[in-house]
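Engineer: based on what follows, work out the 3D shape:
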Amino acid sequence: MQAAPVRATAIPSVTDALRAVESLLMSGGQRTARRNAWTSVLEDRRRAKDRGEALRVFEEGMATRTS
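Structural biologist: Reported below is the predicted structural model:
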């Protein structure tokens, strides 16, 4: 008598589980809107970082000119 083969089932990650719940609760348009909003947040953060870097470079240049 042979033992039945054991099959490994991958346990879904938390992210996979959340995406599955999201797909059940939200229509496609809502998912797209949420993704677009998150992309906007990331872009705003990148622009803020760039502004901070530009200000630092400007202030260093002004300090060098007045010295």
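Engineer: show me what counts as buried in whichever strand or helix holds E60.
Structural biologist: Take DSSP states H and E as the rule and E60 turns out to sit in helix 28-66. Residues of helix 28-66 classed as buried: none (neighbour count, 16 or more other C-beta atoms under 10 Å). For the C-beta atoms, the positions are set from N, CA and C on the backbone; glycine is no exception.
Engineer: pLDDT of it, averaged?
Structural biologist: Averaged across helix 28-66, pLDDT comes to 92.
Engineer: now E59: how far from R45?
Structural biologist: The gap separating E59 from R45 is 21 Å, by C-beta to C-beta, to the nearest Å.
Engineer: look up which helix or strand T9 falls in, please.
Structural biologist: T9 belongs to no helix or strand, assigned by DSSP H and E.
Engineer: so what's the residue count around it?
Structural biologist: T9: 5 surrounding residues under other C-beta atoms under 10 Å.
Engineer: what's the answer for the one 3 residues further on, then?
Structural biologist: Counted with other C-beta under 10 Å, the burial measure for P12 works out to 11 neighbours.
Engineer: relative to A20, how far out is it?
Structural biologist: 7 Å.
Engineer: N36 now?
Structural biologist: For N36 relative to A20 (C-beta to C-beta), the value is 21 Å.
Engineer: which residues are in contact with the helix or strand where L18 lies?
Structural biologist: Secondary structure assigned from DSSP H and E places L18 in helix 14-25. Here helix 14-25 makes contact (C-beta atoms under 8 Å, 6 or more residues apart in numbering) with 12, 31.
Engineer: helix 28-66 and that helix, what's the angle between them?
Structural biologist: Put simply, helix 14-25 runs at 130 degrees to helix 28-66, going by axes from the mean of the first three to the mean of the last three C-alpha atoms, to 10 degrees.
Engineer: only alpha carbons, please: show helix 14-25 as CSV.
Structural biologist: Provided in CSV are the C-alpha atoms of helix 14-25 (Å, rounded to 0.1, in the frame of the first residue of the first chain):
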residue,chain,number,x,y,z
VAL,A,14,-1.0,39.2,4.2
THR,A,15,-0.7,41.4,1.1
ASP,A,16,-2.3,38.6,-1.0
ALA,A,17,-5.1,38.3,1.5
LEU,A,18,-5.8,42.0,1.6
ARG,A,19,-5.8,42.2,-2.2
ALA,A,20,-8.3,39.4,-2.3
VAL,A,21,-10.6,41.1,0.2
GLU,A,22,-10.2,44.4,-1.7
SER,A,23,-11.2,42.8,-5.0
LEU,A,24,-14.4,41.4,-3.4
LEU,A,25,-15.3,44.7,-1.7
